[in-house]
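Colleague: what follows is a predicted protein model with its sequence.
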Amino acid sequence: MTTPARFGCRQHFGCWINEERFDVLLRPRNRPWIRWRKDMARPKKNADEKRTVRYNLRFTQAEREAARDRANLSGLHDMEFMRRQILGVALPPSHSHTNPAYIAALNNYALSLREVGNNVNQLTAATHQGRDFSQYWHEIGEELRAEIRAAREALNNALRDMP
């Protein structure tokens, strides 16, 4: 049985043409945009595979953050991480191969650059307020270059030691 096509129908989400189902997404001025509807994105689970039972846990804020951090290190969503921990299922290997010393070095580099940015912003604001720093520009520029040079050197030392 062939049902006539109904394009632009606001009462239905799909239309039938020669027993093939189309999804119709209405666009402005009732212009339909048609795409073939094939299979669902994910197969349906059996009744025994569906997670329907809730189990509520109470954490302190610190415990919750610690659990979330461990879940992030394992690369799992925090609820999946807790489920696997409770059931004793093996966790995937950690995705974090970074050394905390490298992270600290990058943080120090970012802080140094932030200080330089603050200095430049203060000088810009003072200049716009009419203060004259023309006799100090070379001295200030050398100090900023020295700070940038020291930050870059610290970062290069940290990166040189990376495997």
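Modeller: Nice, thanks for sending it over.

Colleague: now the element after the lengthiest helix in the chain, going C-ward?
Modeller: Longest helix in the chain, counting residues (DSSP state H): helix 100-128. Later in the chain than helix 100-128, the nearest helix or strand by DSSP states H and E is helix 137-160.

Colleague: state the mean pLDDT of that following helix.
Modeller: Helix 137-160 shows an average pLDDT of 81 in the prediction.

Colleague: check which helices and strands it sits against.
Modeller: The contact analysis (3 or more Cβ pairs under 8 Å, 6 or more residues apart in numbering; DSSP states H and E) places helix 137-160 against helix 100-128. In short, each C-beta sits where N, CA and C put it, glycine included.

Colleague: in the helix it packs on, what's buried?
Modeller: Neighbour-count burial for helix 100-128, counted by 16 or more other Cβ atoms under 10 Å, picks out 105, 109, 112, 116, 123.

Colleague: the last one against F133, yeah?
Modeller: Yes. When contacts are counted by Cβ atoms under 8 Å, L123 is listed as touching F133 (6.6 Å).

Colleague: against E142, how distant is Q129?
Modeller: Using Cβ to Cβ, to the nearest Å, one gets 24 Å for the distance from Q129 to E142.

Colleague: of those two, give the one with the bigger neighbour count.
Modeller: Remark: of Q129 and E142, E142 carries more neighbours, 10 against 7, as counted by other Cβ atoms under 10 Å.

Colleague: which of the helices or strands spans M82?
Modeller: Assigned by DSSP H and E, M82 belongs to helix 78-87.

Colleague: mean confidence for that helix?
Modeller: 90.

Colleague: other SSEs contacting it?
Modeller: Where contact means 3+ Cβ pairs under 8 Å, 6+ apart, helix 78-87 is packed against helix 61-74.

Colleague: how about the helix it packs on: buried residues?
Modeller: Residues 67, 70-71, 74 are the ones in helix 61-74 that count as buried (16+ other Cβ under 10 Å).

Colleague: what is that helix packed up against?
Modeller: Taking 3+ Cβ pairs under 8 Å, 6+ apart as the contact definition, the neighbouring helices and strands of helix 61-74 are helix 78-87.

Colleague: coming back round to it: which outside residues touch the helix holding M82?
Modeller: The set of residues external to helix 78-87 that reach it, using Cβ atoms under 8 Å, 6 or more residues apart in numbering, is 57, 67-68, 70-72, 74, 76, 89-91.
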